[in-house]
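**Student:** sequence and predicted structure below; questions after.
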Amino acid sequence: MNVLLDTNALYWWLNEPARLSSTARTAITARSNMVVVSAVVSWELAIKTGLRKMEARNLLEVWKTKLEEEQFSEMPIDSAHAIRAGLLPLHHRDPFDRLLAAQAQMTGWPILSADGIFDMYGVRRIW
């Protein structure tokens, strides 16, 4: 199964794995799962680093290498994702999460996230 990580889940996996639920850790480490990280995650990390809300500069400098080391795949953002995200109901105003919700809807993949807002978008959430 493919599993889409949200930004906090990726950040916690790399920096504070104890913050993840045991179900989340199992989903990430299961050999049968392909872990996918959307390009929106790197965008959100860069924005939050620039605003000094989070410190991910070191991760961003080695982004591709780190994803390869973790054996995570990267999902690009395409116009279909952007359009769907823009047309989603405004349950949530965070553009990063809305884009992740759109990608999860379009692929049918579950999203690994502690954020219950994704439930309002009808996507399967693992936590």
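**Tutor:** Yep, that arrived.
**Student:** low-confidence ranges, the chain, go.
**Tutor:** Scanning the chain for pLDDT under 70 picks out no residues.
**Student:** would you mark the buried spots in the helix or strand harbouring residue 36?
**Tutor:** In this assignment (DSSP states H and E), residue 36 forms part of strand 34-38. Within strand 34-38, the residues scored as buried using 16 or more other C-beta atoms under 10 Å are 35, 36, 37, 38. All C-beta atoms are positioned from the backbone trio N, CA, C, and that covers glycine.
**Student:** neighbouring strands for it, and are they parallel or not?
**Tutor:** Within its sheet, and counting by DSSP bridges, strand 34-38 is paired with strand 2-5 (parallel), strand 73-75 (parallel).
**Student:** and the helix or strand following it, what does it pack onto?
**Tutor:** On the C-terminal side of strand 34-38, the nearest following helix or strand under DSSP H and E is helix 39-50. Packed against helix 39-50 by the contact rule (3 or more C-beta pairs under 8 Å, 6 or more residues apart in numbering; DSSP states H and E) you find helix 7-15, helix 57-61, helix 95-107.
**Student:** make JSON lines out of the strands paired with strand 34-38 and add distance to residue 26 and mean neighbour count.
**Tutor:** Converted to JSON lines, these look like this (distance: least, C-beta to C-beta, whole Å; neighbours: other C-beta atoms under 10 Å):
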{"stretch": "strand 2-5", "distance to residue 26": "11", "mean neighbour count": "22"}
{"stretch": "strand 73-75", "distance to residue 26": "19", "mean neighbour count": "16"}
